[in-house]
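[1] Quick one: sequence plus predicted model below, questions after.
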Amino acid sequence: MADNCLFCKIIRGEIPADKLYEDDQLLAFRDIAPQAPQHFLVIPKKHVSGPGALAPEDEKMIGALVRKGAELARENGITDCRLVMNNGAGAGQTVFHLHLHVLGGRPLSWPPG
Ligand code: 5GP
Ligand code: ZN
């Protein structure tokens, strides 16, 4: 946990979120500024600043996180979806607590802008 991290505050319940899933290591909630009809985030409860900061001991957690994102997409009726993690400000990362974006419900073009 990091005191001033927005997503750690959501984990601690200090900031409300529209939660989809929670267990002892993961939390999923809807993005406050959705970029598609379905847009939610899956985060670890452990504070990791981004994919580039993952440690070898996080491998099981990150596997569970990606699997849960795909499972929640299916459960929310998204057949085709994009699972994406931004790593670094230049790649669009604005919250420095690792998160998997799950987007769907509309055609998604490639490459992203
Ligand atoms: P990033 O740009 O770091 O990859 O993604 C951060 C995401 O967090 C953005 O899509 C943004 O809309 C979302 N976000 C920022 N603040 C909040 C918040 O307070 N609550 C929720 N639910 N999402 C947030
Ligand atoms: Zn955090």
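    It's in. Residues are numbered from 1 along each chain as shown. Ligands and ions are numbered 1, 2, ... in the order given.
[2] Pull up the pairing partners for the longest strand anywhere in the chain, direction included.
    Longest strand in the chain, counting residues (DSSP state E): strand 38-44. Here strand 38-44 is paired, per DSSP bridges, with strand 26-30 (antiparallel), strand 100-104 (antiparallel).
[3] Could you export these as CSV, including distance to ligand 1?
    Just so you know, the C-beta spots here come from the backbone N, C-alpha and C atoms, and that holds for glycine as well. Output for these, formatted as CSV (distance: least, C-beta to the nearest ligand atom, whole Å):
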stretch, distance to ligand 1
strand 26-30, 5
strand 100-104, 6
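[4] Turn those into TSV, including mean neighbour count and mean pLDDT.
    TSV is the format used below for the strands paired with strand 38-44 (neighbours: other C-beta atoms under 10 Å; pLDDT from 0 to 100):
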stretch	mean neighbour count	mean pLDDT
strand 26-30	20	98
strand 100-104	21	98
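[5] Now distance to residue 15 too, for these, in JSON lines please.
    JSON lines is the format used below for those (distance: least, C-beta to C-beta, whole Å):
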{"stretch": "strand 26-30", "distance to residue 15": "10"}
{"stretch": "strand 100-104", "distance to residue 15": "18"}
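[6] Looking at these, spot the one closest to residue 62.
    When the strands paired with strand 38-44 are compared by C-beta to C-beta, strand 100-104 sits nearest residue 62, at 8.9 Å.
[7] can you list the residues that contact the closest one?
    Contact partners of strand 100-104, identified using C-beta atoms under 8 Å, 6 or more residues apart in numbering, comprise 31, 35-43, 65-66, 69-70, 72-73, 76, 78-86.
[8] which of the residues you listed count as buried?
    Buried by 16 or more other C-beta atoms under 10 Å: 31, 36, 38-43, 65, 69, 72-73, 78, 81-82, 85-86, out of the contacts of strand 100-104.
[9] when you check ligand 1, which of those turn up near it?
    Among those, proximity to ligand 1 is found for 31, 86 (C-beta under 6 Å from any ligand atom).
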